[in-house]
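Trainee: quick one, structure for this:
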Amino acid sequence: MTAPFVMQSSLGVDDTALLQQLENKVGSYKQINHLLKAYYEGNIWLNKIGFSVPPKMKEFQTIVGWPAIIVDVIEERLKWKGWYDLSILEDQQPPEDNFDPNADPLADVPQPAEVDQAIQKFFDDVYLDNSLEAEAPMVHLDSLIFGCGFASVGTRDPNDLEKTPLVTTESTELTTGIYDPQKRRLMSGVIFRADDEGHVMRAALLKLDETIYLRRLGVGGRWIVEDKDQHMLGRLPLVPFINRPMGSRRQGRSEITRPIRGYTDIGVRTILGMETNREFFSAPQRYVLGATEDDFRDEAGNRIPAWQSVIGRIWGIGRNEDGDLPEVGQWDPAPSRPYLEQIQGLSQLVAADGAVPQTYLGFMSDNPASADSIRALESRLIKRSERRITSFGWSWGEVGRLAWMMKNPSEVIPRLDTDWGNPATPTMQADADWAIKLIAAKVLSPNSTVARNRLGFSKSEQAIIEQENRREEAKARVQAARDQANQLMMAEKQAQIGAQYAPAGGAGQSGGGAGKPNPAAPGGSKSKSGSRGVSAGSNGAGR
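Mentor: Predicted coordinates for the structure are as follows:
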C-alpha cells in the first residue's frame, strides 16, 4: 500500500547513490539510442557525401527506409493475445497401490483438469483493461530498435473504473535497470519522465520491496521524494524485453545492426548521386562554338541569365563576321540505370543480413513466386520471429505474475503461458484443412480452443462461438424432449384405441404382445391383411 507523506523529503544516501548510478547508465546509452532511432525514422544526416556531388546538392538529403523495414517485418508478425492459465497441467496425485477387487475400475483414472475460470478471467481483464493489444507492439518495437524494451506493473488510482493492476510500456530512452543474470530479473531500476520540452523532471526509483516517486526541483535540480509505494513483492515491478541476448551481452542487440546502417549510408549516397545525375539530365551542359558575348544579350542590351540561356527552348544566334553560323551542342549525361543496379545490389545485402525476402525491399520479379517459393524465402524470417516470441513470451509471463502478486499478494502464483498468433503466413484454407484433419483423426475435439486459436479467432469471437454453440445445443435438447413427448402421446393414443376396440373376452399374453390368430382354432382363419394386433398396456388384443 502507499505510505502517506506529511511533507516532502530528500532521498537517503544509498538511494541517492543508486539513482545516480542508474542515471549515468541511461546517459551512457543516450548516443547510440538516438542514432538507432534516427535510422529507424529516416532522420539520419550524412556528413560524408562524396566528392562527386556538387556543394549545393549536399544540402539535399535523401532517405532510405531499409532499417524501418527490417524492424517492422518482424514486429508485424508478433501478435500477442494474452495469458493462459496452466492449472490443467498441474501434477495430479498418483493412485494408491492398494488393490480393491470390488472397486470401480474407472475410479482411479485421472479425470481431465479444467481451467480455473476465476484465474483466467483475472488475466483476461488485465489484458483488456490495460489495452495490451495496442500497448504490446510498442514494447516489441522498442526492443527490436534499441535491443531492449521495458514494461512496468503498478497500482491504479482508487478512482479508476478499472480495478486490475496497471501495466505500462516504458520508453527505452528513459528507463534502465540492473540485471541479475542468475535470477533473469532486474534487481533495481529507474523510470524517468520528461516534460513537453524534453527536460527530465520526474522519476520512479524501483526497488524489490518499494517504489519511490521523485520530483526534481527545477531543471538540473536535486530530487525530492513525493510518494512511496511499499508493495513488498520481493520482485522488481519492471520487466525487460531483451532482443537477441548473448551470454556476453545480456543487454540485448538491435535489429538495426552495423551492416544495416552501413548499407543504408551507401544507399543514401547512391540515391543522392542519382538525384544529382537527374539534375544534369534535365538540364544537360551545352556548348556554343563561334558565338560572342553579344549573342547572349536581350533586345535592351541586358545580359541574359545563364539559367534562361540553358532552359530556353529557342536560341536565336546570328552569323559571325565571316558569315558562318556558330556550332551548338550538348554533352549527354550518364543514365540512371547504374545507380539503380547498385541500389538493387545493396538491397540484396540488406535482405541477407535482415533475413527478409528481397521483394520486401521493393524489387519485384517478373514471374510471380509460387506458394512454396514464398514459404522458402520467408523461412529465416519466420524462424527469427519465433525466437522473439520465445524471448518476449517469458517477459510477458513475468508481467502477468507481477500483476497477480499486486492483486493477490497472499495467494500462490499460478502457472502461466502466453498466447501468440502464428508468425508464418498460412492461408485460411490451409488452417481450416489442418483443423479438419486433426478433428477427424480425434487429435482435437470439435470445440477445441487450440483449433480455434490456430484458425485465428480472437477471444471475443471464441466467446461468441461458445455462446452460439450452447444455444444450438439447448435448442437440440428442447427439440429432442418434444419429440420424445410426442412419441409418448402417440403411444398412449394407440393404447387407448386398442383398448376401446378390443373384444370383452379377448385376452392376450401379458407383456403387451399382439394376439396372433390360431388357424387350428374355430374361427381362427388368417385374414388377408394378416395379424392386426394392437398393444395396450399389459393386455394384448388380437383380431
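
Trainee: mind checking the end-to-end distance for stretch 354-364?
Mentor: 18 Å (Cα to Cα, to the nearest Å).

Trainee: mind listing what's buried in that stretch?
Mentor: Neighbour-count burial for stretch 354-364, counted by 16 or more other Cβ atoms under 10 Å, picks out 354, 355, 356, 357, 358, 360, 361. C-beta here means a position set from N, CA and C on the backbone, and glycine is covered the same way.

Trainee: return the member of these nearest to residue 429.
Mentor: residue 357 (22.0 Å; Cβ to Cβ).

Trainee: residues in contact with the closest one?
Mentor: 351, 374, 377, 378, 381 (Cβ atoms under 8 Å, 6 or more residues apart in numbering).

Trainee: what sits against the fourth one?
Mentor: In this structure, residue 378 makes contact with 357, 424, 425, judged by Cβ under 8 Å, 6+ apart.

Trainee: where's the nearest residue to the last one once chain neighbours are set aside relative to residue 434, distance?
Mentor: Yep, that's residue 425 we're talking about. The spatially closest residue to residue 425, leaving aside those adjacent along the chain, is residue 378, at 6.6 Å (Cβ to Cβ, 6 or more residues apart in numbering). Remark: distance between residue 378 and residue 434 (Cβ to Cβ, to the nearest Å) = 18 Å.

Trainee: what is the neighbour count of the residue nearest to residue 421 when sequence neighbours are not counted?
Mentor: Distances taken as Cβ to Cβ, 6+ apart put residue 79 closest to residue 421, at 3.5 Å, once the chain neighbours are dropped. Around residue 79 there are 17 other residues, counting by other Cβ atoms under 10 Å.

Trainee: quick one on the thing from earlier: now the buried members of the contacts of residue 357.
Mentor: 351, 377, 378, 381.

Trainee: which pair in these spans the largest distance?
Mentor: Maximum distance among these (Cβ to Cβ): 11.5 Å, for 351 and 378.

Trainee: mind checking how far the residue nearest to residue 154 when sequence neighbours are not counted is from residue 416?
Mentor: Distances taken as Cβ to Cβ, 6+ apart put residue 166 closest to residue 154, at 4.8 Å, once the chain neighbours are dropped. Relative to residue 416, residue 166 is positioned 18 Å away (Cβ to Cβ).

Trainee: same thing with residue 16?
Mentor: 37 Å.

Trainee: and for residue 374?
Mentor: Applying Cβ to Cβ to residue 374 and residue 416 gives a distance of 34 Å.

Trainee: in this structure residue 38 contacts residue 46, no?
Mentor: No: using Cβ atoms under 8 Å, residue 38 is not in contact with residue 46, being 11.0 Å away.

Trainee: where do the helices of the stretch 401-543 of the chain begin and end?
Mentor: Assigned by DSSP state H, counting those that start in this stretch, the stretch 401-543 of the chain shows helices spanning 428-440, 449-454, 459-501.

Trainee: so what does the second one touch, helix or strand wise?
Mentor: Of the remaining helices and strands, those touching helix 449-454 by 3 or more Cβ pairs under 8 Å, 6 or more residues apart in numbering; DSSP states H and E are helix 428-440, helix 459-501.

Trainee: what's the closest of those to residue 27?
Mentor: Judging the helices and strands packed on helix 449-454 by Cβ to Cβ, what sits closest to residue 27 is helix 459-501, at 42.2 Å.

Trainee: any idea how far that closest one is from the middle of the chain?
Mentor: Taking Cα atoms, centre = their mean, to the nearest Å, one finds helix 459-501 lying 45 Å from the centre of the chain it belongs to.

Trainee: mean confidence (pLDDT) on it, please.
Mentor: Here helix 459-501 scores 86 as its mean pLDDT.

Trainee: for that helix, name the packing helices and strands.
Mentor: Using 3+ Cβ pairs under 8 Å, 6+ apart: helix 459-501 touches helix 449-454, strand 534-536, strand 539-541.

Trainee: at 7 Å instead, please
Mentor: Helices and strands touching helix 459-501, by 3 or more Cβ pairs under 7 Å, 6 or more residues apart in numbering; DSSP states H and E, are helix 449-454, strand 534-536.

Trainee: residue ranges for the helices of the chain, please.
Mentor: 13-28, 30-41, 66-75, 117-129, 132-146, 258-282, 306-311, 337-354, 371-377, 379-407, 428-440, 449-454, 459-501 (DSSP state H).

Trainee: show me how this structure divides into domains.
Mentor: 1-88+114-285+332-425, 291-312+323-330 (automatic domain parsing).

Trainee: so what's the residue count around the residue nearest to residue 154?
Mentor: 18.

Trainee: ok, residue 330 next?
Mentor: 11.
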